[in-house]
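[1] structural data only, the sequence is not supplied:
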RNA sequence: AGAGGGUUGGCGGAGUGGUCGAACGCGGCGGUCUUGAAAACCGUUGUCCUUCACGGGACCGGGGGUUCGAAUCCCUCACCCUCUGCCA
């Protein structure tokens, strides 16, 4: 959520930023916010004055009763009834204004960083890095959805039977390679100084609001109506919400957390014939990294995270590129996002396996996540997160790129984790 | 799931209608003392809104109500604890 003070002080840049993000009617919405805020403050002032008067009267009445002057007290009581009615009205008006303002702000996205390129969709994204790894596919190479059948390691039909589309069953070396990937990713993160967290996979509404999945992505999350809980779409939500409503001691910064979790996404509307096999699932495994920084340091953290993720892909010997998302493709809550895409050779597609973002104060404002400055003031922190990594597409690329007549070769770093060198 | 008890500041813990934003203890911060530290002693110590400022206002789990006045009374929701039930 954007801060009103920022909108006031930096209106033009905010509007331009929203336009870059292709937010419709930016000027109009911002003017509405400012007008509502003006009204809100005026109402608050009148209410405060009224309450101040009431408080004074109440104190006076108490005094009179103590002194035994009951008739004077009664007289004063009748006077206050009018104040009471007025303050009740104002209170209602104020909370209405606050709700309206909140509603409006909740639906205004974050402002992109100046480095974010203009553009409307993925076509306008900027490729800022691509590594040197090349793939030599043998004749008759298969896409991963064929390979998993051939080696009997992932069963999509079985998943359909048990649950439905997008809930695959991992079997044999398929299950073991999953476990290997998770452990490899977690160990790497620990080595890089991340603290490991195992969060709940169900979250309440407040947590969803805190990181901005609500109200923006309500339809994308599975919901437990009975309890009003949501299945997490990413560990970002529970992990970042650990720090909701807190003032962090500066000496504990930066915070670096890593969490492995299952992720659940309805992917409503985005299911189609072009998404096959592991390319898009309703349930998948992901290791997520989260960092919390002071505003001064958050871009150091951002770049560190990008480099870290690239290091993982390099170790897995996968061809990948780093893509800076353009304004139109940028997520609702993000200031800047770099996607890491691996090349899956058999289907000849780049697959997103990680998304590293800096949210600056956008989440922190909703989360009330602050730290104390030298002069003892509280100030919003910056939150960041990234996948490190999401498993299915990494696996898809590994299978497709490393296949040969002999089978699928496991990358060196994973062999100690997997306990085998080939899927055959 | 049923019955009962509870939720107060960073923590512990008073407070059951009238200067209570809240005693007291611990912790934190500043100081005195000390070569330094500890101990002792003195002072200080919540968040948010509003105002250029003085100041004003809100917050004692969340929401609502009673009252001139609520941390204190009532309703409701959430959570925690104990016992019973169920269960990996």
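    Thanks, I have it. Quantities reported herein were computed from a predicted structural model and do not represent experimental measurements.

[2] check what pLDDT the residue in chain A positioned nearest to RNA strand B gets.
    In chain A, the residue that lies nearest RNA strand B is residue A:62 (2.9 Å; Cβ to the nearest atom of the strand). For glycine as for every other residue, the C-beta is placed from the backbone atoms N, C-alpha and C. At residue A:62, the model reports a pLDDT of 86.

[3] and it, how close does it get to residue A:371?
    Residue A:62 sits 42 Å away from residue A:371, taking Cβ to Cβ, to the nearest Å as the criterion.

[4] cool, residue A:232 as well?
    For residue A:232 relative to residue A:371 (Cβ to Cβ), the value is 26 Å.

[5] between these two, point out the one with more neighbours.
    residue A:232 (29 against 22; other Cβ atoms under 10 Å).

[6] which residue, other than its chain neighbours, is closest to that one?
    Computed as Cβ to Cβ, 6 or more residues apart in numbering, the closest residue to residue A:232 that is not its neighbour in sequence is residue A:201, at 5.1 Å.

[7] over to residue A:294?
    residue A:253 (6.0 Å).

[8] what's the neighbour count on the residue nearest to residue A:232?
    The burial count for residue A:201: 16, using other Cβ under 10 Å.

[9] spit out the contact partners of it.
    A:231, A:232, A:238, A:261, A:262, A:264 (Cβ atoms under 8 Å, 6 or more residues apart in numbering).

[10] next, it: phi, psi?
    phi -100, psi 0 (degrees, to the nearest 10).

[11] just residue A:131 next, same as before
    Per degrees, to the nearest 10, the backbone of residue A:131 is at phi -90, psi -180.

[12] just give the nearest non-adjacent residue to it, would you?
    residue A:320 (5.8 Å).

[13] the helix or strand bottoming out on mean pLDDT in chain A packs against which elements?
    When each helix and strand of chain A is scored by mean pLDDT, DSSP states H and E, helix A:70-106 comes last, with a mean of 87. On a contact count with 3 or more Cβ pairs under 8 Å, 6 or more residues apart in numbering; DSSP states H and E, helix A:70-106 meets helix A:26-66.

[14] and the helices in the stretch 151-300 of chain A?
    A:156-162, A:172-191, A:205-211, A:236-241, A:298-315 (DSSP state H, counting those that start in this stretch).

[15] those into a markdown table, with extra columns for mean neighbour count?
    Listed next are these as a markdown table, based on neighbours: other Cβ atoms under 10 Å:
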| stretch | mean neighbour count |
| --- | --- |
| helix A:156-162 | 14 |
| helix A:172-191 | 18 |
| helix A:205-211 | 21 |
| helix A:236-241 | 26 |
| helix A:298-315 | 19 |
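
[16] contact partners of stretch A:151-161?
    A:145, A:148, A:165-175, A:177, A:277-278, A:407-408, A:423-424.

[17] selecting buried members of those in ChimeraX, what would you type?
    A single ChimeraX command selects the buried members of those (16 or more other Cβ atoms under 10 Å):
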select /A:145,148,166,167,168,169,170,173,174,177,277,278,407,408,423
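
[18] and the contacts of stretch A:151-161, which of them are in strands?
    Among the contacts of stretch A:151-161, DSSP state E puts A:169, A:170, A:407, A:408, A:423 in strands.

[19] does the second one really touch residue A:178, like I thought?
    Yes: counting by Cβ atoms under 8 Å, residue A:178 is a contact partner of residue A:170 at 5.4 Å.

[20] which bits of the stretch 1-150 of chain A sit near RNA strand B?
    Residues of the stretch 1-150 of chain A lying near RNA strand B by Cβ under 7 Å from any atom of the strand: A:4, A:41, A:44-45, A:47-49, A:51-52, A:54-59, A:61-62, A:65, A:77, A:80-81, A:84, A:95.

[21] ok, of these, which come out buried?
    Applying 16+ other Cβ under 10 Å to these flags A:4, A:47, A:57, A:61, A:80 as buried.

[22] which pair in the residues you listed spans the largest distance?
    Greatest spatial distance in these: A:4 and A:61, 37.8 Å, computed using Cβ to Cβ.

[23] show me what residue A:290 is bridged to.
    Applying DSSP bridges to residue A:290 yields these beta-bridge partners: residue A:257, residue A:385.

[24] burial of it, as a residue count?
    Residue A:290 has 26 nearby residues by other Cβ under 10 Å.

[25] let me see the confidence value for it.
    For residue A:290, pLDDT reads 97.

[26] of the ones in strands among the contacts of stretch A:151-161, which ones also sit close to RNA strand B?
    Okay, of the ones in strands among the contacts of stretch A:151-161, nothing touches RNA strand B (Cβ under 7 Å from any atom of the strand).

[27] wait, which of those is closest to residue A:401?
    residue A:408 (9.0 Å).

[28] can you give me the pLDDT of that closest one?
    Residue A:408 is given a pLDDT of 97.

[29] which ones are touching the nearest residue to it once chain neighbours are set aside?
    Counting by Cβ to Cβ, 6+ apart, residue A:423 is the residue found nearest to residue A:408 once chain neighbours are left out, at 4.2 Å. Contacts for residue A:423 (Cβ under 8 Å, 6+ apart) come out as A:151, A:153, A:173, A:177, A:399, A:407, A:408, A:410.

[30] how about the residues of the stretch 151-300 of chain A that lie near RNA strand B?
    residue A:247.

[31] can you list the weak-confidence ranges in the stretch 151-300 of chain A?
    Within the stretch 151-300 of chain A, the ranges that satisfy pLDDT under 70 run A:269-274.

[32] mind redoing it with 50?
    Across the stretch 151-300 of chain A, nothing is flagged by pLDDT under 50.

[33] what's opposite residue A:343 in the beta bridge?
    Here residue A:343, judged by DSSP bridges, has bridge partners residue A:350.

[34] listing request: residues of the stretch 301-424 of chain A with sub-threshold pLDDT.
    In the stretch 301-424 of chain A (pLDDT under 50), no residue qualifies.
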